[in-house]
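In: With the sequence up front, the predicted model follows.
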Amino acid sequence: MGPFWRSAPLALHLPAHGRGRALAPALRRLLRQPPGSWDLPELPGFGGPLEPEGTVAEAQGRAAALLGAERCWFGVNGASGLLQAALLALGPSGSRVLLPRNLHRSLLHGCVLGGIEPLLYDLPSDPLTGLWQPPQPERLERVLAAASDGGSPPAALVLVDPTYQGLVADLPALVALAHRAGLPVLVDQAHGGGEALGAGADLVVLSVQKSGTGLAQSAALLAQGDRVAPEAIERALLWLQTSSPSALLLASTAAALEHGASDAGRRQRHRAEARAARLRSRLEDLGLPLVANGDPLRLVLATAPLGINGLEADTWMLQRGAIAELPEPGALTFCLGLNPPRGLERRLPRLLQDLRRALGGQPLPSFTAPPLPLLAAPELPIGVAWRSPAEAVPLERAAGRVAAAPICPYPPGIPLLVPGERIDAARADWLQGQRRLWPGQIADTVSVVVGS
Ligand SMILES: Cc1ncc(COP(=O)(O)O)c(C=O)c1O
C-alpha cells in the first residue's frame, strides 16, 4: 500500500485479532489443517445454528453459559445479519420500534425487510468532536413518554452500546426504564462483549471480530428472559440466514467467544489493555486530546480541537503508513486490537506529534447538533420511500422533499438522513454543512421521491 512506507504499516483497524496475532488457539489449530478440510456442510453430528443437536448447538450452549445468556445463536453475516433477525423477532410487520439516531444502517435495512416503522430518537452530540453521545436516563424517559403519546405503542427499544468510539451509557438504568414501560430491549453490542446481559437486556448482538478475536463476519445473538420468544428469533433467523452457513465462521465465533472467557483470553486482554493505558497516558502527557471512553482498546484522538478534520488526519496518517479504523470530521479512532502491533508505542506518539505540527491550527468551530426532534418517524414508510421512483436534487434545493435513499457516510455507517423523512430547511442546511465536513463522502445531490 504505497512504496513510500518505510516500514510495515501500523495497522490500527479491525478485525481486533490484528492480522492474526491474537487469534484464538483453537482457530489457529483449525487453520493449520489442510485448506478446505474444515469447510463442512450441516452434516449430522455437526449441525448448524438452527439445529437442536450437534457440534454447533453444543458450542452455542457453551457460549451462552460463558456469557451469562440463556440462548446463543452464531451468525455468519456479521452483527448486521443478526441485528436484522433480532429486529424481526421483536417487531411484527406494521409495528413501531424505538431506534437511536446513531443506529447502524443494518437496522434500517431490517425495518425495510420487516415492514417495521423506525421511531427514531435523538441523542446528544458533543460540540467539540461532533460525536453522538449515549442517552442519559432522563432523556430516555422523555423519549418513552413521547412514544406513548399518540400512535400505537412501540414494540421494543434498541440501544447501541458501546458506540464505535467506545462511549458507554448507564445501561442498567436505561434497560430498567424500558422494562418499566413494558418494552423488550435489544442492545447492539457490535463493539462490546455481552456486558449488556448483566444490565438486563433481552437480546444482545455481538460482532465477534470487533471486540473479540473472531474472523470478519463472526457474530453472535444472545437472549435471556421471557420477553422475546426463542421461536420468534429462530423463525427470523431462518428467514435471513443462508442455508449453507460457513463452518469456518461458526468455528471462529465459537473459538473466539470461548477464548475470550478463558484465563488465557483474559490475560491476553489484560496485557493489551495495560499497553493501551500506558500509551494513552504518554499521548496525554504530550498534550494530545483523547476522548474519554469506556474501552481502553479504542483510542480516539479528538482532531477538531487540534484544528484538523479527522478525515484529513486519516489520509495524512495513511500516507505515512498508519491505518486508523474510523475517520470522522472531529475525531480519528484507532482500534488497538487484542495484541497491539509491535512498535506502536514508538511510532504512534511520534506520528501524532508530526500530524499536529503538519496540519494543526486553531480549533475547528463547534459542531452544530443536527436539527432533529426528540422523536420522529419517517413521513413515508421507509420501504415504500426507498423503492419509490426517485430523482436527484441538489442539497440546496432539497427542502420540502421526501428522501428516497439514506445519506450515510461509511464508516461509521450511521445514516444522517433516512428514507421517508421529509427534509425541512434546517435539515437541508445542516446536511450541506455535513457535506463540507465529510469531503468526498456525501454527494452534492440527494435522492428524493418523485412528486414529493
Ligand atoms: C454499532 C454497529 N453495529 C453493527 C455493525 C455491523 O457489524 P458487522 O460489520 O459485524 O456486520 C457495526 C459495524 O461497524 C456497528 O458499528
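Out: Right, received. Where do you want to start?
In: alpha carbons only for contacts and neighbour counts from here, please
Out: Noted.
In: Show me which residues of the stretch 101-250 of the chain sit near the ligand.
Out: Residues of the stretch 101-250 of the chain lying close to the ligand by Cα under 6 Å from any ligand atom are 104, 160, 163-164, 188, 190, 207, 217.
In: Can you flag which of the residues you listed belong to strands?
Out: Using DSSP state E, the members of those that fall within strands are 160, 188, 207.
In: Can you give me the end-to-end span of stretch 252-269?
Out: 18 Å (Cα to Cα, to the nearest Å).
In: Highest neighbour count among the residues of the stretch 101-250 of the chain next to the ligand?
Out: Using other Cα atoms under 10 Å as the neighbour test, those are led by residue 207, with 32 neighbours.
In: List the contacts of the closest residue to residue 159 other than its chain neighbours.
Out: In space, not counting the residues next to it along the chain, residue 159 is nearest to residue 187; the distance is 4.8 Å by Cα to Cα, 6 or more residues apart in numbering. Contacts for residue 187 (Cα atoms under 8 Å, 6 or more residues apart in numbering) come out as 158-161, 196, 201, 203-205.
In: Can you lay out those residues as JSON lines showing pLDDT?
Out: Converted to JSON lines, the contacts of residue 187 look like this (pLDDT from 0 to 100):
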{"residue": "158", "pLDDT": "98"}
{"residue": "159", "pLDDT": "98"}
{"residue": "160", "pLDDT": "98"}
{"residue": "161", "pLDDT": "98"}
{"residue": "196", "pLDDT": "98"}
{"residue": "201", "pLDDT": "98"}
{"residue": "203", "pLDDT": "98"}
{"residue": "204", "pLDDT": "98"}
{"residue": "205", "pLDDT": "98"}
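In: Select only the buried ones of those residues in PyMOL?
Out: Applied in PyMOL, the following selects the buried portion of the contacts of residue 187 according to 16 or more other Cα atoms under 10 Å:
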select buried, resi 158+159+160+161+196+201+203+204+205
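In: Kindly indicate which of the contacts of residue 187 lies nearest the ligand.
Out: Nearest to the ligand out of those is residue 160 (Cα to the nearest ligand atom; 5.9 Å).
In: That closest one and residue 70, how far apart?
Out: In terms of Cα to Cα, residue 160 sits 21 Å off from residue 70.
In: ditto for residue 117
Out: To residue 70, residue 117 is 29 Å away according to Cα to Cα.
In: do residue 228 as well
Out: When Cα to Cα is the yardstick, residue 228 and residue 70 sit 12 Å from each other.
In: so residue 363 makes contact with residue 289?
Out: No: applying Cα atoms under 8 Å as the test, residue 363 and residue 289 come out as separate, 11.5 Å apart.
In: Looking at these two, which is more packed in?
Out: The neighbour comparison of residue 363 against residue 289 (other Cα under 10 Å) goes to residue 289, with 18 against 14.
In: What residues does that one make contact with?
Out: Neighbours of residue 289 in contact, by Cα under 8 Å, 6+ apart: 301-303, 305-306.
In: Now, these that are in helices?
Out: Per DSSP state H, helices hold no members of the contacts of residue 289.
In: Out of those, who's the most crowded?
Out: Neighbour-wise, these (other Cα under 10 Å) top out at residue 303, 31 neighbours.
In: quick one: pLDDT of that one?
Out: Residue 303 is assigned 98 on the pLDDT scale.
In: Check the gap between the closest residue in space to residue 304 that isn't next to it in sequence and the ligand for me.
Out: Spatial nearest neighbour of residue 304, excluding adjacent residues (Cα to Cα, 6+ apart): residue 330 at 4.6 Å. Distance, residue 330 to the ligand, using Cα to the nearest ligand atom, to the nearest Å: 17 Å.
In: what number of residues lie near residue 330?
Out: 27.
In: what sits against it?
Out: Contacts for residue 330 (Cα under 8 Å, 6+ apart) come out as 128-131, 302-304, 308-310.
In: go with 7 Å
Out: Residue 330 sits next to 129-130, 302-304, 309-310 when contact means Cα atoms under 7 Å, 6 or more residues apart in numbering.
In: quick one: which of those sit in strands?
Out: Per DSSP E, the contacts of residue 330 map to strands at residue 302.
In: Quick check: of the contacts of residue 330, which has the highest neighbour count?
Out: Tallying neighbours with other Cα under 10 Å puts residue 303 at the head of the contacts of residue 330, with 31 neighbours.
In: doesn't residue 333 make contact with that one?
Out: No: Residue 303 is beyond contact range of residue 333, at 9.9 Å (criterion: Cα atoms under 7 Å).
In: Low-confidence stretches in the protein?
Out: Within the chain, the stretches with pLDDT under 70 are 1-7.
In: got the domain boundaries for it?
Out: Domain assignment for the chain by automatic domain parsing gives 10-18+270-359, 25-261, 378-449.
In: mind giving me CSV with these and columns for distance to residue 370?
Out: Converted to CSV, those look like this (distance: least, Cα to Cα, whole Å):
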stretch, distance to residue 370
domain 10-18+270-359, 14
domain 25-261, 8
domain 378-449, 7
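In: and of the ones you listed, who's closest to residue 371?
Out: Closest of the domains of the chain to residue 371 is domain 378-449, at 6.0 Å (criterion: Cα to Cα).
In: For that closest one, give the distance from the opening residue to the closing one.
Out: Per Cα to Cα, the first residue of domain 378-449 is 13 Å away from its last.
In: now swap in stretch 179-194 and tell me
Out: OK, stretch 179-194 end separation, Cα to Cα: 19 Å.
In: Buried residues in it, which are they?
Out: Here stretch 179-194 shows 179, 181, 183-194 as buried, counting by 16+ other Cα under 10 Å.
In: Same check on stretch 401-413?
Out: 401-409, 412.
In: try stretch 112-127
Out: Quick answer for stretch 112-127 (16+ other Cα under 10 Å): 112-125.
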